[in-house]
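**Student:** Make a model of this:
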Amino acid sequence: MKPSKEYLNNIKNKIITEDMLSDCLHSVNKRAKNYRDKANEYKGYYGRYHRNVESQYDKMKHYYNYKESLLSHIKPLRIHKQFIGNERIRVYSYEKNYYRIYYNKYKENKIVWENSYYDYNKDDYVDFFDYETDVQRFLYFIYYEVGDKSFHSPIDNPTERPELVVEEIDENFMTTGEDVENLISVQFVEKVLYMLRNMNCKLILKDETIEFTDRTINDFPKKEEEPFDPPTEKQVRLIKGSCELYGYKDPGEISKGKAIKWLRKVFKEHPNLMGDLQKLETSKRNQIIYDKYKEGKTEDQLAEEYVLSVGTIKTILRPFKKQESENKK
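**Tutor:** All right, here's what the predicted structure looks like:
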C-alpha cells in the first residue's frame with residue numbers, strides 16, 4: 001500500500017508522527033507473521049530443516065528485527081503473561097525404568113502422547129511417550145501501544161524489567177498475518193528506519209516529541225540506477241496475449257519487475273488467463289493449418305509438419321470446411 005501524501009510530506013520535512021510509526025510497525029509485524037505461517041505450512045510438506053522452511057524463518061526474523069528497531073523508540077506499558085500448558089517430559093524405551101514410569105503415569109492419566117520410530121543405529125524400534133507434569137509454562141511479552149494499535153515483544157524473564165507490571169492474558173490469544181496489499185510499503189518503512197537511525201529528524205509521539213539533532217546525515221542516500229532488466233520471452237508472450245484477449249493497452253517497453261506487477265493484476269482479473277491463451281494460440285494454429293490446406297498441402301503433409309495424427313488434422317479442418325460450404329450456399 002502506498003503511503004499517503006501527508007506521510008510523504010512528513011518524510012520530506014524530516015518528521016515522523018506516531019501514526020506513521022504505528023503503520024510501519026503494523027506492516028513489518030504482519031509481514032513477519034505471514035512468513036511464520038508460511039514456514040509452518042512448509043514444515044508440513046518438507047519437514048523442519050528443509051531450505052524452504054529456513055528461508056521463510058529468515059524472512060520472518062528480518063521483519064521482526066525491523067519491528068524491534070521501531071519499538072526501541074516507544075515506552076512499554078506492561079508485561080503480558082500467557083499460559084501455554086503444563087510442562088511435558090518425554091521418556092524413551094531405552095531409558096532405565098521405562099515400563100515402571102509408563103505404568104505409573106498411565107494410572108495417573110498423565111500420558112498425553114505416545115509413538116515410536118526406527119533407530120537405524122540400534123537397528124530396532126524405539127517407543128516413547130510424553131507425560132504432563134504439574135509445572136505450568138508461560139510466555140511473556142512486553143506490551144506497547146502505538147497510535148491506535150498494540151504490539152508485543154517477547155521477553156524470556158519478566159524480572160529483566162522489574163518496573164513493569166505483569167498482567168495475565170487469555171491463553172487462547174493468537175496473532176495472524178495480513179494481505180500485504182493492505183500494509184504500508186516496505187520501502188516507506190525502511191525510509192522511516194533510516195531516518196531514526198541516521199538523520200536529524202523529529203519523532204512526534206502522543207506524550208512527547210523526540211528531536212535528533214546530533215547526526216551528520218541530512219538526506220537519504222541516492223539510489224543507484226539499476227541496469228535495465230528486460231522481460232522474459234514468456235512474459236512478453238503473456239502481455240501480448242492479454243492485450244489481444246482482453247483489450248488491455250500495451251504497456252510498451254517495461255522491465256522484468258514491472259512486467260511481473262502488470263501480469264499479477266491481469267491474473268487477478270482473469271484467473272483463467274493461461275487457459276484462454278492456450279485456446280487463442282490453438283485457434284491461430286488451426287487457422288494456419290487451414291490456410292496451408294487451402295494452398296494445396298495434403299492432410300498427411302500437415303500431420304507430419306505439426307506432429308499431429310491425420311485424424312486430428314481432419315477434426316481441425318472440419319469446422320472450416322463446414323463454414324466454407326455454408327458460405328457458398
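
**Student:** And for L203, the neighbour number?
**Tutor:** 20 (other CB atoms under 10 Å). The C-beta positions use only the backbone N, C-alpha and C, and glycine is treated the same way.

**Student:** meant to ask about W262, not that
**Tutor:** Count around W262 with other CB under 10 Å applied: 17.

**Student:** For it, give me the pLDDT.
**Tutor:** Model confidence at W262, given as pLDDT, is 93.

**Student:** Relative to Y46, how far out is it?
**Tutor:** For W262, the distance to Y46 (CB to CB, to the nearest Å) stands at 32 Å.

**Student:** cool, and K202?
**Tutor:** Plainly put, K202 is 47 Å away from Y46 if you go by CB to CB.

**Student:** In terms of packing, which of these two has more residues around it?
**Tutor:** It is K202, of K202 and Y46, that has more neighbours when counted by other CB under 10 Å, with 16 against 13.

**Student:** Assign that one to helix, strand or coil.
**Tutor:** Per DSSP: H, G, I helix; E, B strand; the rest coil, the local secondary structure of K202 is strand.

**Student:** On the C-terminal side of the longest strand seen in the chain, identify the next helix or strand.
**Tutor:** For the chain, the strand reaching the highest residue count under DSSP state E is reported as strand 124-146. With elements assigned by DSSP states H and E, the helix or strand that comes after strand 124-146 is strand 149-155.

**Student:** buried ones in that following strand?
**Tutor:** Within strand 149-155, the residues that qualify as buried by neighbour count (16 or more other CB atoms under 10 Å) are 151-153, 155.

**Student:** Looking at the residues you listed, which is nearest D37?
**Tutor:** H152 (16.5 Å; CB to CB).

**Student:** Chain neighbours aside, what residue packs nearest to that closest one?
**Tutor:** For H152, the nearest residue in space outside its immediate sequence neighbours is F141; the separation is 3.8 Å by CB to CB, 6 or more residues apart in numbering.

**Student:** From I84, how far off is that neighbour?
**Tutor:** Distance of F141 to I84, given as CB to CB: 12 Å.

**Student:** which one of the two has more residues nearby?
**Tutor:** Neighbours of F141 and I84, each counted by other CB under 10 Å, are more numerous for F141; the result is 19 against 10.

**Student:** residue contacts, the more buried one?
**Tutor:** By CB atoms under 8 Å, 6 or more residues apart in numbering, the residues touching F141 are 79-80, 82, 152-155.

**Student:** How far off centre is the helix ranked longest in the chain?
**Tutor:** For the chain, the longest helix by residue count, based on DSSP state H, is helix 18-46. For helix 18-46, the distance from its own C-alpha centre to the chain's C-alpha centre is 7 Å (CA atoms, centre = their mean, to the nearest Å).
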